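*Asks:* sequence and predicted structure below; questions after.
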Amino acid sequence: MNKDLQAIVRVLPFVRSVAARRASAALRVRALLRNLAGTGRRLARLRRDVSELLRIDPLFVARDAAGFRRGEDHARLHDQLAQHMQMLEAGGGRMRLRRFCLCCNETTPMRMDLEASWEDVEGNRSPNWRERLVCGHCGMNSRQRLMAKLVQQAARERTGASIYLMEQVTPIFDWVRRLPGADVQGSEYLGYAYRGGDRVAGLRHEDVMALSHGDASFDVIVSNDVLEHIPDPAAAFRECFRVLRPGGVVLATFPFHADRPATVVRARLAHDAVEHLHPPHYHGNPVSADGSLVFQDFGWDLLDVMRQAGFADAACEVYMNDAYGHLGAGLLVFRLCK
């Protein structure tokens with residue numbers, strides 16, 4: 001045996017030992033990665049389960065203007081608004097904070113600014129807390145994050161809940177669509193040229209004053225800032241009542257003027273044309289660059305319209321929680337029960 005071969009034979013056990021240790025280490029690394037992946041999935045499931053168990057309730061519920069004033073005073077909403085305003089002013093009209101996002105199920109960065117704010121007759125600026133306090137992860141504002149959680153709570157109370165949203169191209173629709181076990185449908189208003197139920201570029205067209213859905217089709221109906229753009233809200237509420245199942249619920253948000261006893265009609269349809277009674281005002285529309293015309297500035301008489309449509313109970317729920325990034329003068333959600 002030559003010297004080179006003798007040297008190879010001498011080191012062969014050592015090489016085998018190193019190779020065996022490397023193979024063992026690789027196996028351990030792979031096992032660790034599998035365990036970490038499993039842990040990540042378990043943590044995600046745990047976070048989801050905790051989120052589903054978490055329940056939020058309103059600060060108070062009002063069924064008329066007097067009840068709203070009592071609740072407002074008891075909850076000291078004006079004091080909390082003043083504190084939040086101080087935070088915003090300290091940042092020069094911009095604010096970044098970390099709060100627990102009910103949609104992301106974790107603490108996330110949220111940002112607030114003075115965009116879409118307005119001034120009163122005395123020149124005092126009012127920030128748009130419901131629209132402009134936005135989660136940096138899911139992109140949903142305070143109003144949307146609150147509604148998503150309320151829809152989740154309503155769906156959890158009904159096995160295989162059937163849910164209809166008056167929207168289809170928004171982050172909240174995508175979020176609700178992922179609720180386990182729920183049957184979720186959405187739609188957009190695409191113009192008078194279409195019939196209810198028509199599909200256009202993957203979107204379903206519906207006019208909420210004349211829905212194409214059958215009677216008693218849904219357990220939960222969700223309306224996020226839609227009803228102020230409807231020429232005849234009474235017709236829309238009657239249609240919601242018709243397509244809602246007994247025991248079902250409508251959850252609705254819209255700009256509401258709690259200081260007004262009566263709704264101001266800004267525009268109306270007359271002879272198939274829009275008649276403006278006040279200077280036209282538009283909100284953003286995800287399916288139209290022209291925006292959506294505001295037909296109504298709602299006041300407290302709207303609850304009577306809801307009840308006349310058949311709903312056994314119609315109430316205004318007021319939410320405020322600093323921990324979830326629900327700041328300002330309270331988030332209003334209208335709950336209609338059949």
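*Replies:* Perfect, thanks for sending it.
*Asks:* from here on, just use CA atoms for contacts and neighbour counts.
*Replies:* Will do.
*Asks:* max-length strand in the chain?
*Replies:* In terms of residue count, the longest strand belonging to the chain (DSSP state E) is strand 326-337.
*Asks:* where do the strands sit along the stretch 201-338 of the chain?
*Replies:* 203-204, 218-224, 244-253, 264-265, 267-270, 273-276, 282-285, 288-293, 296-297, 313-321, 326-337 (DSSP state E, counting those that start in this stretch).
*Asks:* direction included, what does the first one pair against?
*Replies:* Based on DSSP bridges, the pairing partners of strand 203-204 within the sheet are strand 199-200 (antiparallel).
*Asks:* which of the strands of the stretch 201-338 of the chain sits closest to Pro180?
*Replies:* Of all those, the one in closest proximity to Pro180, counting by Cα to Cα, is strand 218-224 (15.0 Å).
*Asks:* now do that closest one: distance to the chain's middle.
*Replies:* Averaging C-alpha positions (Cα atoms, centre = their mean, to the nearest Å) puts strand 218-224 12 Å from its chain's average.
*Asks:* and Lys338, how many neighbours?
*Replies:* By other Cα atoms under 10 Å, the residues close to Lys338 number 19.
*Asks:* ok, now which ones touch it?
*Replies:* Lys338 sits next to Phe241, Leu244, Arg245, Pro246, Gly247, Gly248, Val249, Gly310, Phe311, Ala312, Asp313 when contact means Cα atoms under 8 Å, 6 or more residues apart in numbering.
*Asks:* which parts of the helix or strand containing Ala155 are buried?
*Replies:* Following DSSP states H and E, one finds Ala155 within helix 142-156. By neighbour count on 16 or more other Cα atoms under 10 Å, the buried set for helix 142-156 is 142-156.
*Asks:* which one of those residues is nearest to Glu228?
*Replies:* Comparing the buried residues of helix 142-156 against Glu228 with Cα to Cα picks out Arg143 as the nearest, at 15.6 Å.
*Asks:* leaving out chain neighbours, which residue sits closest to that closest one?
*Replies:* Arg130 (5.2 Å; Cα to Cα, 6 or more residues apart in numbering).
*Asks:* again with Val208
*Replies:* Val208 sits nearest to Ala236 (Cα to Cα, 6+ apart), 5.3 Å away.
*Asks:* my guess is the one you found meets Ala210, correct?
*Replies:* Yes. Assessed by Cα atoms under 8 Å, Ala236 is found in contact with Ala210 at 7.3 Å.
*Asks:* the two: which is more packed in?
*Replies:* Each of Ala236 and Ala210 has its neighbours counted (other Cα under 10 Å); Ala236 has more, 20 against 14.
*Asks:* which residues touch the more buried one?
*Replies:* Going by Cα under 8 Å, 6+ apart, the list of residues near Ala236 reads Val208, Met209, Ala210, Leu227, Ile230.
*Asks:* ok, back up a step: out of the strands of the stretch 201-338 of the chain, which comes closest to Ile163?
*Replies:* Comparing these by Cα to Cα, strand 218-224 comes nearest, at 4.8 Å.
*Asks:* relative to strand 244-253, how tilted is the closest one?
*Replies:* Angle of strand 218-224 versus strand 244-253, following axes from the mean of the first three to the mean of the last three Cα atoms, to 10 degrees, is 20 degrees.
*Asks:* now the buried members of the contacts of Ala236.
*Replies:* Here, 16+ other Cα under 10 Å leaves Val208, Met209, Leu227, Ile230 buried among these.
*Asks:* among the residues you listed, which are in helices?
*Replies:* In helices, defined here by DSSP state H, there are no members of the buried ones among the contacts of Ala236.
*Asks:* I'd like those residues written out as a markdown table, with pLDDT added.
*Replies:* Putting the buried ones among the contacts of Ala236 into a markdown table (pLDDT from 0 to 100) gives the following:
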| residue | pLDDT |
| --- | --- |
| Val208 | 97 |
| Met209 | 97 |
| Leu227 | 97 |
| Ile230 | 96 |
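*Asks:* can you tell me how far the residue sitting nearest the centre point of the chain is from Val305?
*Replies:* The geometric centre of the chain, computed from its C-alpha atoms, lies nearest to Gln144 (Cα atoms, centre = their mean), at 2.4 Å. Computed as Cα to Cα, to the nearest Å, the Gln144 to Val305 distance reads 25 Å.
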